[in-house]
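In: predicted model and sequence follow; I will ask about them next.
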Amino acid sequence: MSIVYYQYFVVRINHSMVNILNSIRSFFSSDSAPARLDDEDKDQLNQAIICLLTEMVKADYVELYIEKLVLNEHLTKRLNLSRAKANKYLAHANISAQVSVSLKPQTQIINRFLNRRDKHALMVQLWQIASADGEIHLLETQTFYQAGEQLGFNKSQLDRICHPENVIN
């Protein structure tokens with residue numbers, strides 16, 4: 001059974017555009033077992049995460065190939081979702097993105113099931129999708145900060161995700 005959980009992701013980021021796919025691949029390597037959720041909870045969490053990631057892909061008004069590639073890599077290769085299952089989630093996420101006026105439904109579900117570390121990993125993934133094309137559009141920035149705020153992060157914490165090179169150890 002394939003599951004989308006962030007609690008077992010370890011974040012390793014290489015900020016070179018040439019190596020963006022390698023960064024994302026390393027981001028999705030798992031080192032520990034996921035928490036136990038029933039099938040309905042798993043499905044809700046999967047859908048909420050994929051909807052949020054899809055919102056970011058659509059946030060620059062043009063669905064760019066590299067951003068779709070990053071999302072598809074997440075769904076099929078790293079999380080081992082079947083093509084049919086991935087398509088089911090994506091179809092729902094695309095419909096949701098067309099009628100969505102808020103990220104609240106997704107972030108409420110994510111807040112219910114993920115811990116702080118897992119939500120941080122999700123925010124890193126959102127930023128990687130936003131920056132995959134080498135440009136950050138205003139709506140991508142707004143989507144990122146809105147999602148982060150609803151997931152319990154303040155602006156300075158989110159700034160550190162966007163600009164890790166400015167973080168003092």
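Out: Looks like it arrived, so ask away.
In: the closest residue in space to residue 113 that isn't next to it in sequence and residue 39: what is the separation?
Out: Leaving aside its chain neighbours, residue 113 sits nearest to residue 45 (4.8 Å; criterion: C-beta to C-beta, 6 or more residues apart in numbering). In this view, the C-beta of every residue, glycine as well, is placed from N, C-alpha and C. Per C-beta to C-beta, to the nearest Å, residue 45 is found 11 Å from residue 39.
In: more neighbours: which of these two?
Out: A direct count of neighbours by other C-beta atoms under 10 Å for residue 45 and residue 39 places residue 45 higher, at 21 against 9.
In: now do the one helix or strand that one maps to: everything it contacts.
Out: Using DSSP states H and E, the element containing residue 45 is helix 39-58. The contact list for helix 39-58 (C-beta atoms under 8 Å, 6 or more residues apart in numbering) reads 3-6, 37, 63-64, 67-68, 71, 74-75, 89-90, 92-94, 96-97, 100, 103, 105-107, 109-110, 113-114, 122, 125-126, 129-130, 140, 143-144, 147.
In: rerun at 7 Å
Out: Residues from elsewhere that reach helix 39-58 (C-beta atoms under 7 Å, 6 or more residues apart in numbering): 3-4, 37, 63, 67-68, 71, 74, 89-90, 92-94, 96-97, 100, 103, 106, 109-110, 113, 122, 125-126, 129-130, 140, 143, 147.
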